[in-house]
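Asks: How does the following fold in three dimensions:
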Amino acid sequence: MYQYIVDFYKRPKPSIEKVHNLIETLLEKYEGIQFIAEKEGEFLGFATLYFSFSTTKADKITIMNDLFVVEKARGTGVAEQLFKFCETFTKENGYAHMSWVTASDNKRAQRFYEKMGGSLGNWLNYSI
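Replies: The predicted model follows:
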């Protein structure tokens, strides 16, 4: 998680307690779920789905908030496998759709999402 948060996205390092609380929440599989990619016990990446609702669809949705692959595993198909696993989970569990966001300067991720069949939506993402 720290490699993703601090090294990749250059964000402040959250406390270990906050990271553990997040992981515990995801392990409960009530508000979200996290999928881990590993090979022979070596961590390769993760994808996180959060569960929410869409008022305009009047239905439940998933939001893929994270898709991260360690540098040495990029370009090996790990990202595709994690993405497809999230997409399959979304469909098989009756969610209306899966959406996701990425940083506006993360061009590599944008190309990947387009390759996976995604398209830029009509909504703008704001935060405060």
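Asks: Could you check which helix or strand contains I36?
Replies: Using DSSP states H and E, I36 falls within strand 32-39.
Asks: Then E24?
Replies: Here E24 is assigned to helix 16-28, by DSSP H and E.
Asks: same check, this time on F89
Replies: helix 78-92.
Asks: re the thing from before, buried set for the strand holding I36?
Replies: 32-35, 37 (16 or more other C-beta atoms under 10 Å). For the C-beta atoms, the positions are set from N, CA and C on the backbone; glycine is no exception.
Asks: where does this structure have its least confident helix or strand?
Replies: Taking mean pLDDT, DSSP states H and E as the measure, the chain has helix 2 as its least confident helix or strand, at a mean of 81.
Asks: List of residues touching that helix?
Replies: Under the contact criterion C-beta atoms under 8 Å, 6 or more residues apart in numbering, helix 2 has outside partners 13, 19.
Asks: Now do the contacts for I63.
Replies: Applying C-beta under 8 Å, 6+ apart, one finds that I63 lies in contact with 49-52, 98-101.
Asks: And for T56?
Replies: For T56, no contacting residues are found, by C-beta under 8 Å, 6+ apart.
Asks: Neighbouring strands of the lengthiest strand in the chain in the sheet, and parallel or not?
Replies: The longest strand of the chain (DSSP state E) is strand 42-54. Sheet pairing for strand 42-54, assigned by DSSP bridges, gives strand 32-39 (antiparallel), strand 59-69 (antiparallel).
Asks: Just want the angle from it to helix 78-92.
Replies: Using axes from the mean of the first three to the mean of the last three C-alpha atoms, to 10 degrees, the direction of strand 42-54 lies 40 degrees away from that of helix 78-92.
Asks: distance between the next helix or strand after the helix holding F89 and the chain's centre?
Replies: Sequence order places strand 98-100 as the next helix or strand after helix 78-92, per DSSP H and E. Centroid separation for strand 98-100 versus its chain: 9 Å, with C-alpha atoms, centre = their mean, to the nearest Å.
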